[in-house]
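**Q** Show me how the following folds:
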Amino acid sequence: MKKRNGRRGTGKSSSKIPGGNKIHEEESFPPGSDFTPLCEKVIQQAEGAENLTADYYLCKAVIAREAKSFQTERQAVLNLIKFTGTQVTPLIKSVLEQKELFEFSEKIGELLSLTKKDTTHDVYLAIIRAFILSGSKQQFTTYFNCLMGISASFNKELPIFDISQFKNIQLLTFYEETHRILLDNSHQPHTLEKLTQFVSRQASEETSQSLLFFESYFTIDRNPRRGIDIARQFLDAPNLSDQGTSYLNALAINTARAAVKMADIEEAERWIERIKDDVEATKLRRSITKLEEKIEARIEHPLNPEHINPTAFETIPTRLLMILCAFVDGCGDDWGFRTLNRGGKYIFPSDTITLELFQTLALESPRV
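**A** Numbering: from 1, shown residues only. This is a model prediction of the structure:
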């Protein structure tokens, strides 16, 4: 699979903490506070409220991680998606920026340290990524299965996970910032394909370049025409990458290859123009040249029907018709004939029709 290229840096405003979210007014916390009792207090106060906060979901996830209650942890962490693009709470700001205020267990301290290295533009997405990446590679897929509603089990008590509460742009941004976790893990290609299909269905008409790239990638071998149609949509879709990266070059290569296999030279040439890899572009142009030579050879072949004057069926002797049927039935694929037991796509004549012709001709009186 071709990877994206062309990264560029993005500036950060002084009014934002790393991650790009605006912050609420400052709130002080006593230094040296044990974070676990604080989390328990936040959870106790929040569970009686009508709307649960980002603080609640973070604290719930932290307590669940300590207790190895992984399903609760996943449901809590993924609920942070609905806060992406919103203001960061004072508690979360203090946890991520001023860790000396709190005392963390070694496990939680290591987890939160991952957010410092994360280049994700949104704090809440950085926290989600930290929880996913702090587990083993075998555990990565469990978070995405939970998102898609295909976990082995779900907790019926708080925190309830309800994806209908998410805005489409929040789900698309989550996909943008997390899909490479699965992409970079060679053991999870099927999970990435399922995630791509799931997000596409959920977001409906809304989409992004990354989502469309993988929709095309997972479709183009099975259904080249559909894969090419999806690739065309990519050109008008928004790029949600905060790093300014793009899959355009890889998309152009994949789509041009599919077009060549379909003998759609015009489509292939359009995509070759977008390829930045000169080596790949040259290979594809050579493939087009070979394809054009093959097409020309077929056009000039003496058996090409376009070079033969039509003959009325009634004027053909019976014996020649039988020979013709036998010839067509045994013809190879190169000239467009394929018998039923060899293909099933492009059939003329089928086994049934061939047998009927032989039976009909055998019963009739031969014509001279």
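
**Q** For A256, the count of nearby residues, please.
**A** When neighbours are defined as other CB atoms under 10 Å, A256 has 29 of them. Heads up, the C-betas are built off the backbone N, CA and C, glycines and all.

**Q** That one against L284, yeah?
**A** Yes - between A256 and L284 a contact is recorded at 5.1 Å, counting by CB atoms under 8 Å.

**Q** Find residues that contact each of these two.
**A** When contacts are counted by CB atoms under 8 Å, 6 or more residues apart in numbering, A256 and L284 have A268, I272, I275 as shared neighbours.

**Q** Report the secondary structure state of the last one.
**A** I take that to be I275. Look at I275: counting by DSSP: H, G, I helix; E, B strand; the rest coil, its state is coil.

**Q** thinking it is in contact with L251, fair?
**A** No - taking contacts as CB under 8 Å, I275 lies outside contact range of L251: 9.6 Å.

**Q** Those two: who's more crowded?
**A** L251 (27 against 22).

**Q** Spit out the contact partners of that one.
**A** Contacts were defined as CB under 8 Å, 6+ apart; by that measure L251 touches F213, S216, A231, F234.

**Q** repeat for K261
**A** Contact analysis of K261 by CB under 8 Å, 6+ apart lists P224.

**Q** what separates it from T86, distance-wise?
**A** Between K261 and T86 the distance, using CB to CB, to the nearest Å, works out to 46 Å.

**Q** Sort out which of the contacts of L251 are in strands and list them.
**A** Assigned to strands by DSSP state E, none of these qualify.

**Q** For the residue lying closest to E103 once chain neighbours are set aside, grab the count of nearby residues.
**A** Spatial nearest neighbour of E103, chain neighbours left out: D34 (5.0 Å); criterion: CB to CB, 6 or more residues apart in numbering. By the measure other CB under 10 Å, the count of residues near D34 is 12.

**Q** I figured D34 was touching I108, is that so?
**A** No - with the criterion set as CB under 8 Å, D34 and I108 do not qualify as a contacting pair; they are 11.2 Å apart.

**Q** thinking again about what came up before, can you lay out the contacts of L251 as a markdown table showing neighbour count and pLDDT?
**A** Compiled in a markdown table, the contacts of L251 are given as follows (neighbours: other CB atoms under 10 Å; pLDDT from 0 to 100):
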| residue | neighbour count | pLDDT |
| --- | --- | --- |
| F213 | 25 | 98 |
| S216 | 25 | 98 |
| A231 | 26 | 98 |
| F234 | 23 | 98 |
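
**Q** which one among those gets closest to L320?
**A** For those, the residue nearest L320 by CB to CB is A231; the value is 48.9 Å.

**Q** give the contact list for the closest one.
**A** With the criterion set at CB under 8 Å, 6+ apart, A231 makes contact with L212, S216, I220, L251, N254, T255, W271.

**Q** doesn't I230 make contact with the second one?
**A** Spelled out, it's S216. Yes - contact status for S216 versus I230: in contact at 4.2 Å, counting by CB under 8 Å.

**Q** what's the nearest residue to K167 if we skip its chain neighbours?
**A** By the measure of CB to CB, 6+ apart, the closest residue to K167 outside its immediate chain neighbours is K82, 7.6 Å from it.

**Q** what's the neighbour count on the one you found?
**A** Every residue meeting other CB under 10 Å relative to K82 is counted, giving 20.

**Q** OK, contacts around it?
**A** So, once contact is read as CB under 8 Å, 6+ apart, K82 ends up touching Q165, F166, K167, Q170.

**Q** can you count the residues close to L183?
**A** A count of nearby residues for L183, using other CB under 10 Å, gives 16.

**Q** Apologies, that question was intended for H301.
**A** Residues within reach of H301, counting by other CB under 10 Å, total 12.

**Q** Could you do the one 3 residues further on as well?
**A** Neighbour count of N304, defined by other CB under 10 Å: 12.

**Q** wait, doesn't it sit right on E296?
**A** No - taking CB under 8 Å as the definition, N304 is not a contact partner of E296, at 11.0 Å.

**Q** All the helices of the stretch 151-300 of the chain, in order from the start?
**A** When assigned using DSSP state H, counting those that start in this stretch, the helices of the stretch 151-300 of the chain occupy the ranges 168-183, 189-203, 209-219, 224-234, 248-261, 265-272, 278-300.

**Q** buried set for the second one?
**A** Neighbour counts over helix 189-203 (16 or more other CB atoms under 10 Å) mark T191, L192, E193, K194, L195, T196, Q197, F198, V199, S200, Q202, A203 as buried.

**Q** mind putting the residues you listed in JSON lines, pLDDT included?
**A** Putting those into JSON lines (pLDDT from 0 to 100) gives the following:
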{"residue": "T191", "pLDDT": "93"}
{"residue": "L192", "pLDDT": "95"}
{"residue": "E193", "pLDDT": "96"}
{"residue": "K194", "pLDDT": "96"}
{"residue": "L195", "pLDDT": "97"}
{"residue": "T196", "pLDDT": "97"}
{"residue": "Q197", "pLDDT": "97"}
{"residue": "F198", "pLDDT": "97"}
{"residue": "V199", "pLDDT": "98"}
{"residue": "S200", "pLDDT": "97"}
{"residue": "Q202", "pLDDT": "96"}
{"residue": "A203", "pLDDT": "96"}
